[in-house]
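Participant: Sequence and predicted structure below; questions after.
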Amino acid sequence: MATILVTGSQGQLGRTLQDAAARHPEHRFIFLSREDLSITDVAAIDAAFARYRPQYLVNAAAYTAVDRAEEEKETAFSINGKGVELLAAAAAQRGCRMVHLSTDYVFSGKGSTPWKEDDPVAPLNVYGASKLEGERRAREANGKAIIIRTSWVYSVHGKNFVKTMLRLMKEKASLSVVDDQLGSPTHAADLAAAIVHIIASGKWVPGIYHYSNSGSTSWYGFAKAIRQFTGAACILHPVPSAAFPTPAQRPSFSVMDTRKIVQTFGVDIPRWEESLRRCLQAMAGKF
Ligand SMILES: NC(=O)c1ccc[n+]([C@@H]2O[C@H](COP(=O)([O-])OP(=O)(O)OC[C@H]3O[C@@H](n4cnc5c(N)ncnc54)[C@H](OP(=O)(O)O)[C@@H]3O)[C@@H](O)[C@H]2O)c1
């Protein structure tokens, strides 16, 4: 029985990993929230490692407020950079295998071919830069870490695009949705299953990997699929990003090539539409 410690357990991925853990009684999962363990607190990290002696660490903790990060650069870098380094170093010292999560926002978005793991990175915003710093520090402190970049994550838990759309489609007769940013939605349940699959496989190949659902769309296309699957009557209008100015600039093309994680670990990558349908079914009656 492997002991798997999960940080950031009350976030979207953390809570989805808790759902996955319930289906895997063969592993001992320890879930620690921000209150239980702040990843910027080295003494708390040491205490958690001493107490639970995990063989695996999944860092689901992060500063994820993309727009606020433009004004809170120091906090974003402290959590997504320094905090990740502290965890990575603690794991390395104890021979604990670390899975860390990163983002499609490390890319500039200036391209039209799905981004590969070793393509040049050039984040457009502070959040992306802080996550890139976390990748760098994780690799320096822990050469054996697995880093998974993901994109456009949604789930039954927390705040996300799908839940926002479901609410707005009920409240409004029409909605404008950005149509000039292309990416791949990721159902957190699929990502969580992929992480558990990698751990359970016993095969450990350190490095950076991309995981999103397969296929790609724009936010407008994503919203259209939500409307179609739920039968909502709301009228949707495609608009350019310029119609919704935000403090943080977003990449216009952040579709990632996911072949490496499939070839290395044999993880399952469902189509985004299929996974969206499953998530909406799981949400049925809740919205
Ligand atoms: N969501 C997406 O669309 C997306 C896309 C690409 C990559 N990712 C990456 O995927 C991972 C999981 O994202 P998510 O959607 O699950 O994010 P999330 O819902 O924002 O969860 C992050 C969790 O980390 C916690 N946290 C923040 N600072 C912490 C600290 N110092 N110590 C311990 N915990 C702390 C947060 O607590 P508070 O809420 O109390 O701050 C929150 O519970 C992150 O690495 C993120 O960068 C996400």
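Facilitator: On my side now, so go ahead.
Participant: CA only for contacts and neighbour counts going forward, please
Facilitator: Will do.
Participant: Please name the residues that touch residue 159.
Facilitator: residue 12 (CA atoms under 8 Å, 6 or more residues apart in numbering).
Participant: A strand includes it, no?
Facilitator: No: if the criterion is DSSP: H, G, I helix; E, B strand; the rest coil, then residue 159 is coil and not within a strand.
Participant: could you measure it against the ligand, distance?
Facilitator: With the distance defined as CA to the nearest ligand atom, to the nearest Å, residue 159 ends up 7 Å from the ligand.
Participant: just residue 52 next, same as before
Facilitator: Using CA to the nearest ligand atom, residue 52 is found at 17 Å from the ligand.
Participant: Near the ligand, which residues of the protein are found?
Facilitator: 8, 10-14, 34, 37-40, 60-64, 79, 101-104, 150-153 (CA under 6 Å from any ligand atom).
Participant: Would you write a PyMOL line that selects the buried entries of those residues?
Facilitator: Provided next is the PyMOL selection string for whichever of the residues of the chain next to the ligand are buried by 16 or more other CA atoms under 10 Å:
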select buried, resi 8+10+11+12+13+14+37+38+39+40+60+61+62+63+64+79+101+102+103+104+150+151+152+153
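Participant: Tell me which of the residues of the chain next to the ligand fall in helices.
Facilitator: Judged by DSSP state H, helices contain the following of the residues of the chain next to the ligand: 12, 13, 14.
Participant: Hmm, the last one is touching residue 60, no?
Facilitator: What that stands for is residue 14. Yes: the criterion here is CA atoms under 8 Å, and residue 14 meets it with residue 60 at 5.8 Å.
Participant: Identify the contacts common to those two.
Facilitator: Residues touching both residue 14 and residue 60 by CA under 8 Å, 6+ apart: 6, 7, 8.
Participant: hang on, isn't the last one packed against residue 36?
Facilitator: The reference is to residue 8. No: counting by CA under 8 Å, residue 8 sits too far from residue 36 to count as a contact (9.1 Å).
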